[in-house]
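K.L.:
need coordinates for the following:
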Amino acid sequence: MNALGAPPLSLQVSDRYLSLQSTLQELSLHDGQVETDKIGREVAGAFKANPLLPGIILNQQGRLAGMISRRRFLEFMSRPYGLELFSQRPIECLYRAAQTEMLTFPGETPIVTAARRSLDRRPELLDEPIVVEVAPQVYRLLDVHQLLLAQAQIHELATQLVTQLYNQLAITNQQLLHLASSDSLTGVANRRRFDEYFLSCWQQMQENSSGLCLILCDVDFFKKYNDTYGHQAGDDCLRQVAAAIEQTVKHPEDLVARYGGEEFAIIVPHTPLAGAVHVAESIQQAVKALKIPHACSEVSEYVTVSLGVAIGFPSPAFSPSMLVTAADEMLYKAKQTGRDRVSVCSF
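P.N.:
Below is the predicted model:
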């Protein structure tokens with residue numbers, strides 16, 4: 001697996017695997033070579049013995065003297081008097097007549113580079129095989145069709161890579177967005193995300209001429225809990241409370257956020273006040289059901305919460321901040337009247 005969690009990017013060509021960095025020496029190269037003094041009939045025999053041989057490399061005293069392709073060899077041999085002229089003469093005679101510009105690359109040349117250079121040749125040379133120097137003064141032939149096939153497969157590979165990178169980037173961006181909008185302690189939405197979503201819902205309710213419900217929730221006597229059990233236990237308590245709230249608030253459009261300290265906020269759009277009150281009461285019971293011991297609580301032996309619920313209808317006379325204030329006043333009322341309860345206000 002690579003760093004993106006995807007299979008290694010490579011494509012198989014015959015029994016070989018290509019990557020974006022693959023070179024010519026990774027392809028199937030042909031070893032068809034004769035000395036320049038060999039007669040044309042012997043070269044014809046070599047082509048007949050190996051139908052896949054794209055050409056013949058000509059050597060003279062151990063050095064590369066040239067290359068003649070199968071196509072040009074057969075073309076000249078099939079011309080009028082071709083057999084009489086070339087079959088019994090050294091191949092260098094035919095080569096002088098059929099000689100063309102030879103394209104040679106080192107074996108470590110990238111396939112993509114070689115393919116691009118090959119396609120830059122004159123039209124009449126596009127089918128000519130390529131000479132590859134696999135070692136000093138050691139040459140092999142590459143069929144240009146195989147080169148272009150390999151290049152096409154590498155292009156497909158590059159497309160797959162770009163697609164994978166794009167998908168991974170999208171996932172990473174989603175993860176970063178989640179981190180930027182989540183509270184690091186509890187995992188619920190943070191205050192920044194609350195503010196953005198609250199205003200978005202408010203505008204939507206304004207367009208639909210409907211109300212927006214807001215619940216503010218505070219852990220009762222949390223300072224005493226921290227003083228008694230320590231801050232690490234306090235953090236764990238907040239995590240459990242946040243999880244209980246999230247499990248209770250099941251509608252996908254509702255948002256649970258850590259509003260600050262031990263206070264949570266729940267945005268409840270597209271819900272009447274009675275529905276929001278039911279959500280608040282369910283949260284109250286869910287936190288109680290956790291049975292987190294709280295020896296210093298004045299209302300229960302376990303951790304409890306107080307909640308304030310308000311609904312507001314967007315209008316020139318009623319702003320988003322007024323709904324927050326109303327919910328906060330109801331939360332304060334719940335605390336003042338005994339805690340571990342839900343107080344409700346509507347406009």
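
K.L.:
hmm, Val249 and Ala286 touching each other?
P.N.:
No: contact criterion CB atoms under 8 Å: Ala286 and Val249 do not qualify, at 9.6 Å. Where you see a C-beta, it was placed from the backbone N, CA and C, and this is true even at glycine.

K.L.:
so for these two, which sits in the more crowded spot?
P.N.:
Taking neighbours as other CB atoms under 10 Å, Ala286 and Val249 compare with Val249 leading, 21 against 18.

K.L.:
how about the more buried one, phi and psi?
P.N.:
phi -90, psi 100 (degrees, to the nearest 10).

K.L.:
okay, buried residues for the host helix or strand of Ala152 please.
P.N.:
If you go by DSSP states H and E, Ala152 is part of helix 144-181. The neighbour-count check on helix 144-181 (16 or more other CB atoms under 10 Å) flags Val144, Gln146, Leu147, Leu148, Ala150, Gln151, Gln153, Ile154, Leu157, Leu161, Gln164, Ser181 as buried.

K.L.:
between those, which sits nearest Thr113?
P.N.:
If you rank those by distance to Thr113 using CB to CB, Gln151 comes first, at 9.7 Å.

K.L.:
look up how far Ser22 lies from that closest one.
P.N.:
Applying CB to CB, to the nearest Å, the value for Gln151 to Ser22 is 10 Å.

K.L.:
next one: Thr325
P.N.:
67 Å.

K.L.:
tell me the phi and psi of the closest residue to Glu298 other than its chain neighbours?
P.N.:
Using CB to CB, 6 or more residues apart in numbering and skipping residues adjacent in sequence, the residue nearest Glu298 is Phe221, 6.4 Å away. Phe221 adopts backbone torsions of phi 50, psi 40, taken as degrees, to the nearest 10.

K.L.:
ditto for Tyr197
P.N.:
Torsion angles, degrees, to the nearest 10, at Tyr197: phi -70, psi -40.

K.L.:
what's the answer for the one 10 residues further on, then?
P.N.:
Dihedral pair for Glu207: phi -70, psi -30, per degrees, to the nearest 10.

K.L.:
residue contacts, it?
P.N.:
For Glu207, no residue meets the contact criterion (CB atoms under 8 Å, 6 or more residues apart in numbering).

K.L.:
the same query, at a cut-off of 10 Å, please.
P.N.:
Pro314 (CB atoms under 10 Å, 6 or more residues apart in numbering).

K.L.:
Cys213 now?
P.N.:
If you count contacts by CB under 10 Å, 6+ apart, Cys213 has them with 201, 205, 254, 266-277, 279-280, 309-312, 323, 327, 344, 346.

K.L.:
let's go with 8 Å and repeat that
P.N.:
Contacts for Cys213 (CB under 8 Å, 6+ apart) come out as Ile267, Val268, Pro269, Thr271, Pro272, Leu273, Gly275, Ala276, Val309, Ala310, Ile311.

K.L.:
what does the pLDDT read for it?
P.N.:
On the pLDDT scale, Cys213 is placed at 96.

K.L.:
circling back: residues bridging contact with Gln151 and Ser22, i.e. touching both?
P.N.:
Shared contacts of Gln151 and Ser22 (CB under 8 Å, 6+ apart): Ile111.

K.L.:
returning to what we had before: reformat the contacts of Cys213 as a markdown table; add distance to Ile111 and pLDDT.
P.N.:
Below are the contacts of Cys213 laid out as a markdown table (distance: CB to CB, whole Å; pLDDT from 0 to 100):
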| residue | distance to Ile111 | pLDDT |
| --- | --- | --- |
| Ile267 | 56 | 98 |
| Val268 | 60 | 97 |
| Pro269 | 57 | 95 |
| Thr271 | 61 | 93 |
| Pro272 | 67 | 94 |
| Leu273 | 69 | 95 |
| Gly275 | 64 | 95 |
| Ala276 | 65 | 96 |
| Val309 | 68 | 98 |
| Ala310 | 68 | 97 |
| Ile311 | 67 | 95 |
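
K.L.:
report the buried members of those residues.
P.N.:
In the contacts of Cys213, burial by neighbour count holds for Ile267, Val268, Pro269, Thr271, Leu273, Ala276, Val309, Ala310, Ile311, counting by 16+ other CB under 10 Å.

K.L.:
now, which of these lie within helices?
P.N.:
Using DSSP state H, the subset of the buried ones among the contacts of Cys213 located in helices is Leu273, Ala276.

K.L.:
in a markdown table, list the contacts of Cys213 along with distance to Gly107.
P.N.:
Shown next, in a markdown table, are those (distance: CB to CB, whole Å):
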| residue | distance to Gly107 |
| --- | --- |
| Ile267 | 65 |
| Val268 | 69 |
| Pro269 | 66 |
| Thr271 | 71 |
| Pro272 | 76 |
| Leu273 | 78 |
| Gly275 | 74 |
| Ala276 | 74 |
| Val309 | 76 |
| Ala310 | 77 |
| Ile311 | 76 |
